[in-house]
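S.K.: Quick one, fold the following:
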Amino acid sequence: MPFTKRSILLANLGLDVSVPAEYIDDRATPKGQNMYVNRNAMHKRFGTTAVGGSLGEEAMLAKELLVDETRYVVRAGLSKVQLLNTATGVWIDIGPSANSFTVNATNNKLNFNIGAGELTATIASATYLMGTNQTTAGSLCKAIYDAIHAAEAAGTYTVTFNGSNVVIARSAGTFQMLWKTGTNGADGTDTHIGSLIGFSDAADDTGALSYTADTIVYHPFTGTSADVFSAATPTLNGSRVLCMSNFIDPIRIYTGTGNTSDLSGTPPKAKYIQEYGPYLVLAHVDDGIAKRRMRVQWCDTDDIENWTIGSGSNAGIADLLEDGNDITGSSIFGNYLAVHKESAIYLGYLVPTDAIFQFDRKNTGVGTVCNNTIQNIGENAQIFLARDGIRIFNGISAPLINAPISNELRESMNSSYLHKCWSVVVSELNEYWVGVPIGSRTNPDTVYKYNYVTGQCYKDFVEDVTICGKYQQTTQTTWDNITTTWDASTIRWDDIYLSGLFPALLFGTSSGTTVKRDGSVNNDNGAAVDAYRETKDFESSEKGRLVRWLEMQFWAQGNGVTIDYSVDSGSTWANVGTFALNSDYPSDDAPQYAYFDVISSKIRFRFENNTLNETFSLKDFVIGYSEREVRR
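M.R.: Residues are numbered from 1 along each chain as shown. Below you'll find the model as predicted:
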């Protein structure tokens, strides 16, 4: 049989999982990760470098605040808020010097013993200021005292706070606090109040009548990873401020100086917050009486500290009740405020009447499943993750993107953790990135990268990433900053990624590490990036004919690439070899060769680099083979 060569042009069409891999275009891929396309060649993606120390808890939010000409980079975790000192690379805690304490069913018990067995004090669920002692009306000190006294009325107790430590005491007799062994202690249901007010539950407190807690670490947030964080940058007294909300605690505000604090004016708690003109708009709110899941509420004009409705104020509410579904997100869309439900999208706008806002329902049939996946790509298109894939809202309808990945998303998304998704628009690549928990994953670390100009889609994997934000770099990368050799780098010295004033991507993880996308490194914060691209399943031009696959000519550059082949659609792989590369592509008439000898009706190839400090780029390859008899 004659020897045949088949040239495969890498004008890549991205992922195609809509049909079996033998039926997709030669330029598409059924599987791959951590690769990107630039100038019609495939490249292993950039790495990341650490930004300061760890948050010490799951990252929930990263946001940049611009006040006048000064930029502030803020990150928030489950209980902390920190500011990046961009000069030193150190994160500084900007939690409050005093704050509120939320007591609920997870931390409302105090087990104690006065000599006759365990007693249980149940502290009333509410949000408190600590207060000075048990005589301070409405304070947590008084609430703890009242609960102890209700459980044991004969003794004389005091609960005091000296600004740093809580002290709980009994005047006489026996007094033990069962932080560890009590029914609600660490060995029991672990629903005691000790951790909230600074007591360790490593052991019970016994042998005394007075017990002093450790210094309290104040927490501006008290939610869990099941909660949703939202941020907005409205104006206050003419300057931008950063507002943060988790639907559990009061909305927090940071002005660029000092610490964060509760937003004044007693606004309701909100799942989603968004600045819109002179207003801060809340959606899916909790007004302290009930959770108003279909409500939109806004402050007075130019006054985010005034939420009083009536009496000359323009503050107000609108309940979007048409279909009975909860609000799932809100965002700016051109001149409108887009409010999403899973069944529709409302467009809100200002009107010259007492109503202030009017909301028009667009019967799209879909909306976002996660507020943090909403992004704008141009003035007339809003992209978001829906229950059945990625969709684009044009102001009237919201069709699925024209990329053959919708089935994979719809069938693979972990629906229990979609609230944790994140997204970002990488404008220099014309790409929308959305992090999604896939399969049994509980973190959104599979990243679908959709090019909204070409319609192509690729995929990355980033271990345990929970958030993504942007901030503008203020310093230019220098020659000495480059940690790789030029032979190992696929980036150009004058590339935009290395320039000052370029918006860098900031990622936070479930462990609290914060890293930035860094075009000068090839590792993910010191760990190797596993990058690969699989080809389609190649066959003879005649269906069912056996083929003797013999060789590959390929044009690649970088450090090295491992080539494998599979004759069973990627179920098992055989290694061809690992090939050293150079800093330039081989010339057109002097490619590198990979040899193999296998007879099968189809074959696919995988190009991979999973080596520390290494990268590769692939421009083209040619398969050499001989056709044989028709398979019986």
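S.K.: what's stretch 389-398 in contact with?
M.R.: Contacts with stretch 389-398, where a contact means Cβ atoms under 8 Å, 6 or more residues apart in numbering, come from 333-334, 338, 345, 347, 362, 364-367, 377, 380-386, 399-401, 403, 405-406, 409-410, 432, 434, 448, 450, 452. C-beta here means a position set from N, CA and C on the backbone, and glycine is covered the same way.
S.K.: Looks like A594 contacts E551 (just checking).
M.R.: Yes - the pair A594 / E551 is scored as a contact, 6.7 Å apart, by Cβ atoms under 8 Å.
S.K.: what touches both of those two?
M.R.: Here A594 and E551 have no joint contacts, going by Cβ under 8 Å, 6+ apart.
S.K.: how about stretch 254-274 as CSV, C-alpha atoms only?
M.R.: The C-alpha coordinates for stretch 254-274 follow below in CSV (Å, rounded to 0.1, in the frame of the first residue of the first chain):
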residue,chain,number,x,y,z
TYR,A,254,-14.2,50.2,53.1
THR,A,255,-13.3,53.7,52.1
GLY,A,256,-9.6,53.4,51.4
THR,A,257,-8.5,54.4,54.9
GLY,A,258,-8.7,52.7,58.3
ASN,A,259,-10.6,49.5,58.8
THR,A,260,-13.9,48.2,57.4
SER,A,261,-17.1,48.9,59.2
ASP,A,262,-20.8,48.2,59.0
LEU,A,263,-22.5,50.3,56.4
SER,A,264,-24.5,53.0,58.2
GLY,A,265,-28.2,53.5,57.8
THR,A,266,-29.1,49.9,58.7
PRO,A,267,-29.6,48.6,55.2
PRO,A,268,-31.1,45.1,54.9
LYS,A,269,-28.7,42.2,54.4
ALA,A,270,-28.4,41.2,50.7
LYS,A,271,-27.2,38.4,48.6
TYR,A,272,-26.3,40.6,45.7
ILE,A,273,-25.2,44.2,45.6
GLN,A,274,-24.6,46.4,42.7
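S.K.: Please identify the helix or strand for V285.
M.R.: Using DSSP states H and E, V285 sits in strand 279-286.
S.K.: Pull that strand out as PDB, backbone CA atoms only.
M.R.: Provided in PDB are the C-alpha atoms of strand 279-286 (Å, rounded to 0.1, in the frame of the first residue of the first chain):
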ATOM      1  CA  TYR A 279     -27.700  54.300  44.000                       C
ATOM      2  CA  LEU A 280     -26.500  51.100  45.700                       C
ATOM      3  CA  VAL A 281     -29.000  48.400  44.700                       C
ATOM      4  CA  LEU A 282     -29.600  45.300  46.800                       C
ATOM      5  CA  ALA A 283     -31.200  42.100  45.400                       C
ATOM      6  CA  HIS A 284     -32.500  39.000  47.200                       C
ATOM      7  CA  VAL A 285     -32.600  40.700  50.600                       C
ATOM      8  CA  ASP A 286     -33.200  39.900  54.300                       C
END
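S.K.: next one: it to chain centre, how far?
M.R.: Centroid separation between strand 279-286 and its chain, computed with Cα atoms, centre = their mean, to the nearest Å, is 21 Å.
S.K.: what sits up against it?
M.R.: Residues from elsewhere that reach strand 279-286 (Cβ under 8 Å, 6+ apart): 232, 234, 243, 245, 247, 267-275, 291-299, 301, 304, 326-330, 337, 339, 348.
S.K.: List only buried entries from those residues.
M.R.: Neighbour counting by 16 or more other Cβ atoms under 10 Å classes 232, 234, 243, 245, 247, 267-275, 291-299, 304, 326-330, 337, 339, 348 among the contacts of strand 279-286 as buried.
S.K.: my guess is F579 meets D564, correct?
M.R.: No - the pair F579 / D564 is not scored as a contact, 11.9 Å apart, by Cβ under 8 Å.
S.K.: higher neighbour count, the two?
M.R.: A direct count of neighbours by other Cβ atoms under 10 Å for F579 and D564 places D564 higher, at 20 against 16.
S.K.: Buried only: go through the contacts of stretch 389-398 for me.
M.R.: Buried among the contacts of stretch 389-398 (16+ other Cβ under 10 Å): 333, 338, 345, 347, 362, 364, 366-367, 377, 381-386, 400-401, 403, 405-406, 409, 432, 434, 448, 450, 452.
S.K.: Take those residues and keep only those in strands.
M.R.: 333, 338, 345, 347, 362, 382-386, 432, 434, 448, 450 (DSSP state E).
S.K.: can you redo those as TSV with distance to A226?
M.R.: Putting these into TSV (distance: Cβ to Cβ, whole Å) gives the following:
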residue	distance to A226
F333	28
A338	25
I345	25
L347	30
K362	30
Q382	26
I383	25
F384	21
L385	18
A386	21
Y432	26
V434	20
Y448	23
Y450	27
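S.K.: Closest one of these to W573?
M.R.: Y448 (24.4 Å; Cβ to Cβ).
S.K.: Not counting sequence-adjacent ones, nearest residue to that closest one?
M.R.: Distance criterion Cβ to Cβ, 6 or more residues apart in numbering; nearest residue to Y448, sequence neighbours excluded, is V434 at 5.3 Å.
S.K.: One more: P96?
M.R.: Leaving aside its sequence neighbours, P96 sits nearest to N259 (Cβ to Cβ, 6+ apart; 5.0 Å).
S.K.: Test my guess that that neighbour contacts Q82.
M.R.: No - with contact defined as Cβ under 8 Å, N259 does not reach Q82; the gap is 10.8 Å.
S.K.: which residues do these two both contact?
M.R.: Once Cβ under 8 Å, 6+ apart is applied, the residues that N259 and Q82 both contact turn out to be I94.
S.K.: and I396, how many residues sit next to it?
M.R.: By other Cβ under 10 Å, neighbour count at I396 equals 10.
S.K.: Which strand or helix spans it?
M.R.: Secondary structure from DSSP H and E places I396 outside every helix and strand.
S.K.: Now do the contacts for L236.
M.R.: Here L236 is in contact with 253, 255, 304-305 (Cβ under 8 Å, 6+ apart).
S.K.: For the closest residue to N575 other than its chain neighbours, give the beta-bridge partners.
M.R.: With Cβ to Cβ, 6+ apart as the criterion, N575 has its nearest non-adjacent residue at 5.2 Å, and that residue is D564. Residues in a beta bridge with D564, per DSSP bridges, are N575, R606.
S.K.: Give me the residue ranges of the stretch 301-450 of the chain where confidence is low.
M.R.: For the stretch 301-450 of the chain, no stretch is flagged by pLDDT under 70.
S.K.: hang on, the earlier thing: for I273, see how far away the residue nearest to Y448 is.
M.R.: Distance, V434 to I273, by Cβ to Cβ, to the nearest Å: 21 Å.
S.K.: coming back round to it: can you list the neighbours in contact with the helix or strand just after the strand holding V285?
M.R.: Later in the chain than strand 279-286, the nearest helix or strand by DSSP H and E is strand 291-298. With contact meaning Cβ under 8 Å, 6+ apart, strand 291-298 is reached by 267-268, 270, 276, 279-286, 307, 315-321, 324-327, 330, 339, 341, 348, 356-357, 359.
S.K.: Could you spell out the sheet neighbours of strand 291-298, each with its direction?
M.R.: strand 279-286 (antiparallel), strand 316-319 (antiparallel).
S.K.: Nearest to D201, out of those?
M.R.: strand 279-286 (29.6 Å).
S.K.: pLDDT averaged over the lengthiest helix in the chain - what is it?
M.R.: Ordering each helix of the chain by length in residues (DSSP state H) puts helix 140-151 first. For helix 140-151, the mean per-residue pLDDT is 97.
S.K.: Centre of the chain to that helix, how far?
M.R.: With Cα atoms, centre = their mean, you get 40 Å for helix 140-151.
S.K.: Output the very next helix or strand once past that helix as CSV, nothing but the C-alphas.
M.R.: The C-terminal neighbour of helix 140-151 among helices and strands, as given by DSSP H and E, is strand 157-161. Extracted in CSV, the C-alpha atoms of strand 157-161 (Å, rounded to 0.1, in the frame of the first residue of the first chain):
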residue,chain,number,x,y,z
TYR,A,157,-22.4,35.5,88.1
THR,A,158,-20.6,38.2,86.2
VAL,A,159,-19.8,38.4,82.5
THR,A,160,-17.4,41.3,81.6
PHE,A,161,-15.3,42.4,78.7
